[in-house]
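*Asks:* I'd like to go over a predicted model; first the sequence, then the structure.
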Amino acid sequence: MKNLVVLTGAGMSAESGISTFRDAGGLWERYPVEQVATPEGYAANPELVINFYNERRKQLLDVRPNRGHELLAGMEGSFNVTVITQNVDNLHERAGSSHVIHLHGELTKVTSSRHPNDPRYIRELRPDEYEVKMGDKAADGSQLRPFIVWFGEPVPMIETAIGFVRKADVFVIIGTSLNVYPAAGLLYYVPEGVPVYLIDPNEVSVASARKVTVIRKGASEGVAELKKMLSE
Ligand code: APR
C-alpha cells in the first residue's frame, strides 16, 4: 500500500465546532496568545493558563469528529495513512485514525511543569479529571501542566514526523494557514515527484515553488473530493 501522509491544522476540526486560531473571531483574537500559549505567560499566571486549557479540554466532551475526520480514517483501507496534526484535540483518534502524530501536544494529557517532555511525567487524564487545579501535582512534585507545546518551546515530535514525510507517496495538507514552524516546513521534506494536495476553503500561501493541487473546500467536502481524485 502507498503511504499517504496528511498534515492537519485547526481547519480540520472547524466543522466539529472547534475555533481556528487565525480566522476572524479565532481563538487568538479572543485570548492573547502570549498570555495563554507561551512559557512566559504560564510563569506569570499559571492559573489563567490552566483554566484556559481546562475550558478547551471540557469542550472535547461536547464535540464530535466530522465527516472529514471519518473519511480520512476510512482511507486506511487503501493507504498506509499517517496523520501529522497540529491539533491538540482527539478527533482524529475518535474517528478511528490509528496513526496520529501530535506535533503540538494533546489536551487529554498533562505533564510536569519542570520536565514537560519527560515521558515519565506525561499522563492521560480520565474525563472526570479534565478540570486541573492549582496544587495538582505531577509525579515529580511540580504543578501539573497541560501537555501542550507552547510558542518558543521545542517540538520533540518533529523528527518523527519528518521521517514519515520523507517516505510519503502522497502528501496532503488540510486546514492550516501554514504560519507556524516547524510544522509548516514539513512540505520541504516531501520527496520530489510526490503529489501534494491542499484542502482549505480559503487561500493559503504556500512558501514553496512546488506544484500543489488545491481543493478549495472545507474539510468534509474536501476529503471526499480527494478520495475521488486518488481513486481515478
Ligand atoms: N475546513 C478546512 N479548513 C478550514 C475550515 C474548514 N471548514 N475553516 C477554516 N479553515 C482553514 C482556514 O482557512 C485556515 O487556513 O483552517 C486554517 C486555520 O489556520 P489557523 O487558525 O492559523 O490554524 P493552524 O494553521 O492549525 O495553526 C497552527 O498555531 O496557534 C498555533 O499551536 C497552534 O497548532 C496551532 C498552530
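*Replies:* In hand now; what should we look at? Numbering: from 1, shown residues only.
*Asks:* Just the buried positions in the worst-scoring helix or strand of the chain on mean pLDDT, please.
*Replies:* Least confident element among the helices and strands of the chain, by mean pLDDT, DSSP states H and E: helix 27-30 (a mean of 90). Neighbour-count burial for helix 27-30 flags residue 27 (criterion: 16 or more other Cβ atoms under 10 Å). All C-beta spots, glycine's among them, are computed from the backbone N, C-alpha and C.
*Asks:* Follow the chain on from it and name the next helix or strand.
*Replies:* helix 33-36 (DSSP states H and E).
*Asks:* List of residues touching that next one?
*Replies:* Residues outside helix 33-36 that contact it (Cβ atoms under 8 Å, 6 or more residues apart in numbering): 40, 41, 44, 45, 48, 49, 52, 151.
*Asks:* Just the strands from this protein, written as ranges.
*Replies:* 2-8, 79-85, 100-102, 105-112, 123-124, 144-148, 170-174, 196-199, 213-215 (DSSP state E).
*Asks:* What ranges does the chain have for its helices?
*Replies:* Counting by DSSP state H, the chain has helices at residues 11-14, 27-30, 33-36, 39-44, 46-59, 67-74, 91-95, 158-166, 219-231.
*Asks:* So this protein: which segments form each domain?
*Replies:* 1-18+65-104+155-232, 20-62+110-148 (automatic domain parsing).
*Asks:* now what about stretch 210-223, what contacts it?
*Replies:* 11-12, 14-15, 66-69, 71-72, 173-175, 187, 190, 195-203, 206, 225-226, 229.
*Asks:* hang on, the earlier thing: of the helices of the chain, which is nearest residue 116?
*Replies:* helix 39-44 (9.2 Å; Cβ to Cβ).
*Asks:* Could you report the neighbour count for residue 136?
*Replies:* 13 (other Cβ atoms under 10 Å).
*Asks:* ok now do the residue nearest to it when sequence neighbours are not counted, which residues does it touch?
*Replies:* Nearest residue to residue 136, sequence neighbours excluded (Cβ to Cβ, 6 or more residues apart in numbering): residue 144, at 4.3 Å. Neighbour list for residue 144: 110, 111, 112, 113, 132, 136, 137, 138 [criterion: Cβ under 8 Å, 6+ apart].
*Asks:* Who wins on neighbours among the residues you listed?
*Replies:* For these, counting by other Cβ under 10 Å, the largest number of neighbours falls to residue 110: 27 neighbours.
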